[in-house]
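>>> sequence and predicted structure below; questions after.
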Amino acid sequence: MRRLAAALLTGAVMVGGCATSEEPNDPLQVAATLVAATPAPSPDPAATPAGTVLPATGNATALAFTAGTLAVAVQDPPSVRLYTLPDPNPRTVALPGPAARLVVTGDRVEATIPTSGVVISVNPTDATTTSTTVDGGPVDVAALGDKTVVAQRDTRSVRVGDHQVGPVTSPDQVLVVNGHIVVLDRLRSAVFDLDPTTDTLGAGLRAGDGATNAVTDRFGRVLVTDTRGGELLAFTANPLIMRQRYPVPGGPYGLAYDPRTDLAWVTLTEKNEVVAYHVAGGEPVEKFRFPTVRQPDSVAVDPSSGRVFIASADGQGIQVISP
């Protein structure tokens, strides 16, 4: 209760505080210069990574798992590699530019390519693709009923179907929770709710000191890693309220959620570790902790088996852990 009260008070102060002539005009902005948080650099591994490590060339930037297939986005050359485990030999799908994110929509994987202004939909079964042109630098997508929600970096806006909403300083992720949209803004380290029937954002709350990644859980919450502040945060939408903030030292960055076990898997890039928290209760409870490959920026979960996949952004391979 004390942690929750402190979280709510912090959010209220940040949104409602008054700016002075020496402070930014935006009450959610605490510094004159905005710099988005990035993964903390990893040291040389001090322990052998748990599980199995598949050798893989190139630096992985994103992971997604669906239909028995692990999709891995690689920066150079821009591509998505499709692994049907335990076969270590992937099929490769070339991309017109580096993927900002991989998002599972139904039984397909959507790769957002902001530099090319397209979203590539990949069929993991046969590795075929379809391309949709999306102006404005698409960096993330989500589904809201029959509408597609797109975060557009260059136009600083969010498109809901044919409706444009903004401005947003840095719309880095869009998440749909119980029919409501939440936008993660990395530059301001904030989350916003969005009403698709209007042309502006709704309420906003600070999300720690350097929010980087977010996922939804089955309780209607948005879980967020605060990389700079070393915390795992939980928000509900409509109304937008911070429900939890829990200390997670070690540079939390990558984030995945298993709805079958209610485990939130968080990578700690300062320690080359991944830690699992049970998040169904009043506060997170640590259940597992494993050593990882170097620079574990990305993590995904197979909800049918509980297997955890970690990708190295330093060319050290793809790690598979069966807790």
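Arrived safely, thanks for sending.
>>> going by C-alpha atoms from here, please, whenever you check contacts or count neighbours.
Noted.
>>> what pairs with Tyr83 across the strands?
Beta bridges link Tyr83 to Leu70, judged by DSSP bridges.
>>> again, but for Arg159
Beta-bridge pairing for Arg159 (DSSP bridges): Val150, Gln164.
>>> also Phe309?
Beta bridges link Phe309 to Ala300, Val320, judged by DSSP bridges.
>>> how about Trp265?
Here Trp265 sits in beta bridges with Ala256, Ala276, going by DSSP bridges.
>>> which strand or helix spans Glu110?
strand 108-113 (DSSP states H and E).
>>> that strand: how far from the chain's middle?
14 Å (Cα atoms, centre = their mean, to the nearest Å).
>>> which helices and strands sit right next to it?
Contacts defined by 3 or more Cα pairs under 8 Å, 6 or more residues apart in numbering; DSSP states H and E place strand 108-113 against strand 60-66, strand 101-105, strand 118-122, strand 138-144.
>>> mean neighbour count added to the ones you listed, as a markdown table?
Output for those, formatted as a markdown table (neighbours: other Cα atoms under 10 Å):
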| stretch | mean neighbour count |
| --- | --- |
| strand 60-66 | 25 |
| strand 101-105 | 21 |
| strand 118-122 | 23 |
| strand 138-144 | 24 |
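>>> is it possible to get JSON lines of the ones you listed that adds distance to Ile318 and mean pLDDT?
Putting the helices and strands packed on strand 108-113 into JSON lines (distance: least, Cα to Cα, whole Å; pLDDT from 0 to 100) gives the following:
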{"stretch": "strand 60-66", "distance to Ile318": "9", "mean pLDDT": "96"}
{"stretch": "strand 101-105", "distance to Ile318": "16", "mean pLDDT": "96"}
{"stretch": "strand 118-122", "distance to Ile318": "20", "mean pLDDT": "97"}
{"stretch": "strand 138-144", "distance to Ile318": "23", "mean pLDDT": "97"}
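>>> reformat those as JSON lines; add distance to Leu205.
Shown next, in JSON lines, are these (distance: least, Cα to Cα, whole Å):
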{"stretch": "strand 60-66", "distance to Leu205": "26"}
{"stretch": "strand 101-105", "distance to Leu205": "24"}
{"stretch": "strand 118-122", "distance to Leu205": "29"}
{"stretch": "strand 138-144", "distance to Leu205": "20"}
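>>> looking at those strands, which is closest to Tyr277?
Nearest to Tyr277 among those is strand 60-66 (19.7 Å), distances taken as Cα to Cα.
>>> and the contacts of that closest one?
70-75, 99-104, 107-109, 124, 297-302, 310-315 (Cα atoms under 8 Å, 6 or more residues apart in numbering).
>>> can you select the buried ones among those for me in ChimeraX?
Of the contacts of strand 60-66, the buried ones go into a single ChimeraX selection, burial set by 16 or more other Cα atoms under 10 Å:
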select :70,71,72,73,74,75,99,100,101,102,103,104,108,109,124,297,298,299,300,301,302,310,311,312,313,314,315
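>>> so where is this structure shaky, pLDDT-wise?
1-27, 29-33 (pLDDT under 70).
>>> pick out the residue nearest the middle of it.
In the chain, the centroid-proximal residue (Cα atoms, centre = their mean) is Asn213; its distance is 3.3 Å.
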